[in-house]
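**Q** build me a model:
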Amino acid sequence: MIEGFAGFTALYIFMLAGFTGYEVIARVPVILHTPLMSGSNFVHGIVLVGAMVALGHADTNLEKVIGFIGVILATGNAVGGYFVTERMLEMFKTSKKGEAK
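**A** Residues are numbered from 1 along each chain as shown. Just a heads-up that it's a prediction; the model follows:
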């Protein structure tokens with residue numbers, strides 16, 4: 001009985017976090033997007049560590065496959081976030097005089 005309750009609690013927290021995250025991100029001004037992306041890259045790194053811990057505690061083959069997929073997706077998310085942030089920062093750099101656009 002306790003396991004089912006913990007599962008519903010985790011699902012409830014996940015749903016609340018999803019709705020809250022959507023509402024917060026939807027209201028971010030464009031000028032703050034780059035600093036926000038930089039901060040979210042930090043969170044993606046934490047997600048990657050969590051996926052590695054989950055993979056380390058996996059017992060069955062299914063858990064190992066799901067954990068491995070989680071690590072791969074979290075890695076791609078973190079690395080991709082840094083590439084996007086770098087490209088956005090390049091957009092804000094001023095060009096030198098004499099260079100044509």
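**Q** distance check, Val71 against Ile13.
**A** 22 Å (C-beta to C-beta, to the nearest Å). In short, each C-beta sits where N, CA and C put it, glycine included.
**Q** neighbour count: these two, which is higher?
**A** Between Val71 and Ile13, Val71 has the larger neighbour count (other C-beta atoms under 10 Å), namely 18 against 10.
**Q** what sits against that one?
**A** Leu48, Ala51, Met52, Leu55 (C-beta atoms under 8 Å, 6 or more residues apart in numbering).
**Q** now list the buried members of these.
**A** Among the contacts of Val71, those scoring as buried are Leu48, Ala51, Leu55 (criterion: 16 or more other C-beta atoms under 10 Å).
**Q** surely the last one and Ile69 touch.
**A** No - at 9.5 Å, Leu55 does not count as touching Ile69 under the criterion of C-beta atoms under 8 Å.
**Q** identify the contacts common to the two.
**A** Joint contacts of Leu55 and Ile69 (C-beta under 8 Å, 6+ apart) do not exist.
**Q** show me which positions of the helix or strand Thr85 falls within end up buried.
**A** Secondary-structure assignment from DSSP states H and E places Thr85 in helix 61-92. Applying a neighbour-count criterion of 16+ other C-beta under 10 Å, the buried positions in helix 61-92 are Gly67, Gly70, Val71, Ala74, Thr75, Asn77, Ala78, Gly81, Thr85.
**Q** so which strand or helix has the nearest residue to the third one once chain neighbours are set aside?
**A** This means Val71. In space, and not counting its chain neighbours, Val71 is closest to Ala51: 4.6 Å by C-beta to C-beta, 6 or more residues apart in numbering. Per DSSP H and E, Ala51 falls inside helix 33-56.
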